[in-house]
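*Asks:* Test case, fold it:
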Amino acid sequence: MKTNALVAACAVLLLPGLAQSAAAQQSEPFFAGKSITLVVPSGPGGGYDTYARTLGRHYSKHIPGRPQIIIQNVPGGGGMVAANNLYNLSPRDGTALAMLASSSFLVAALGERLAKFDNVKFTPIGNLSEESDTCSVWHNSGVKDAKDFLTKDVNIGSEGIGSNSQTFPMGMNEVLGAKLKIIPGYRGTNLRAAAMERGELQGACGIFVSTLGSLFEKQLADGTLRVVLQMGLSRHEKFKDVPNALELATDEGGRSALSLMFAQLALGRPILAPPDIPKDRAAILVKAFADTMQDPEYLADARAMKLDTRWFGPERMSEIIAQMEAAPEPVKARVRKMLNIEKPAEK
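*Replies:* As a prediction, the model looks like this:
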């Protein structure tokens, strides 16, 4: 009897400790001791990679548990491989994120069969910057201005199907009567710039204004690299004297088609998670993103890297994606024709 009483007494003494241990486990942040993989849809050294690595240096400290942020480059298909992988293969627990190419949302909205994802089912986290796009040429390309670019036979490099470096030139060939020869396989802005320097290419499109500022400031200043055309819903303030392709469209149908194509540029550097991640973890990642965007250390780092910091949150991301999805069918049909995308089968 005495032995049993002693055991019972010890058990009573242990119970508070056990309860405290259980409570500590329950309050331990999910992300503690874990890592978050942040996928980049292109190779190292380009604009997407630069933004992702800058975010990665500051994001963790705003996430309870301070997980390690691992940057993974997954180039291919103009960003389509990264988008397909995030949607279909990545864990849906908050440990997988991707900075997707904005062009991926457009081709998916048009019904491209290679897009194995539903735009509206991704979990938006935040967008690092709005963008305008450009077409640039090397100083010895023989192309002086937009008129030359749109009337001469010009060899330009492309990352491949679905990328702005391919879809935008295709649109200008169809709407503006350009004669751009698009050569795929140049995965990353730096590869296209190196090919221009070698004389292998004359120019390249699909280079965001922010990328020009962060990676090619010297070349722009000394005239080695020259912007001859820009894409967007309006002219960018940094290139007020450079024509916008939208201004050059002579018919309403062409302008509407280009407007749909350029609408995606508001999603310059979008961060998303797969569908169906737990809502509480999504909320943590969203808040941490917003906190990072306002972090003085991040802002100083971004300024040093010459990055755009016009960020916004998931609500506006969802609005932009929904607007692309809801574009009138005749406009979508025109863009499909421009990009050689088959009309999706009726569901």
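*Asks:* Which of the three states applies to Gly126?
*Replies:* Put simply, Gly126 is strand when judged by DSSP: H, G, I helix; E, B strand; the rest coil.
*Asks:* Any idea how many residues pack against it?
*Replies:* Neighbour count of Gly126, defined by other CB atoms under 10 Å: 23. In this view, the C-beta of every residue, glycine as well, is placed from N, C-alpha and C.
*Asks:* Verify the contact between it and Ala288 for me.
*Replies:* No - assessed by CB atoms under 8 Å, Gly126 is found out of contact with Ala288, at 9.2 Å.
*Asks:* now the stretch 1-150 of the chain, which segments are flagged as low pLDDT?
*Replies:* For the stretch 1-150 of the chain, applying pLDDT under 70 flags the ranges 1-27.
*Asks:* Which parts of it are strands?
*Replies:* 35-40, 68-73, 96-99, 123-127, 133-138 (DSSP state E, counting those that start in this stretch).
*Asks:* Strands of the stretch 201-347 of the chain, start to end?
*Replies:* 203-208, 225-231, 270-273.
*Asks:* and these, which one is worst for confidence?
*Replies:* For the strands of the stretch 201-347 of the chain, mean pLDDT drops lowest on strand 203-208, to a mean of 91.
*Asks:* Which strands border that strand, and is each parallel or antiparallel?
*Replies:* According to DSSP bridges, strand 203-208 has the following sheet partners: strand 133-138 (antiparallel), strand 153-158 (parallel).
*Asks:* Just want the angle from that strand to strand 225-231.
*Replies:* 60 degrees (axes from the mean of the first three to the mean of the last three CA atoms, to 10 degrees).
*Asks:* which residues sit against strand 203-208?
*Replies:* Under the contact criterion CB atoms under 8 Å, 6 or more residues apart in numbering, strand 203-208 has outside partners 47, 131-138, 141, 143, 149, 154-159, 163-166, 168-169, 180, 186, 189, 192-193, 196, 228-229, 231, 268.
*Asks:* can you rerun that using 7 Å?
*Replies:* Contact with strand 203-208 is made by 47, 131, 133-137, 141, 143, 149, 154, 156-157, 159, 163-165, 168-169, 189, 192, 196, 268, as judged by CB atoms under 7 Å, 6 or more residues apart in numbering.
*Asks:* residues of it that come out buried?
*Replies:* For strand 203-208, a neighbour-count test (16 or more other CB atoms under 10 Å) marks 203-208 as buried.
*Asks:* Tell me where the model's unsure across the stretch 201-347 of the chain.
*Replies:* In the stretch 201-347 of the chain (pLDDT under 70), the answer is 346-347.
*Asks:* quick one on the thing from earlier: need the strands of the stretch 201-347 of the chain in a markdown table (columns: distance to Pro29).
*Replies:* Below are the strands of the stretch 201-347 of the chain laid out as a markdown table (distance: least, CB to CB, whole Å):
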| stretch | distance to Pro29 |
| --- | --- |
| strand 203-208 | 35 |
| strand 225-231 | 42 |
| strand 270-273 | 17 |
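*Asks:* Compare the strands paired with strand 203-208 and give me the one nearest Ala327.
*Replies:* The closest of those to Ala327 is strand 133-138. By CB to CB, the value is 18.7 Å.
*Asks:* C-alpha coordinates for the closest one, CSV please?
*Replies:* The C-alpha trace of strand 133-138 is given here as CSV (Å, rounded to 0.1, in the frame of the first residue of the first chain):
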residue,chain,number,x,y,z
ASP,A,133,8.9,45.2,-69.9
THR,A,134,11.4,46.2,-72.6
CYS,A,135,13.1,45.2,-75.8
SER,A,136,16.7,46.1,-75.9
VAL,A,137,19.5,45.9,-78.5
TRP,A,138,23.3,45.9,-78.4
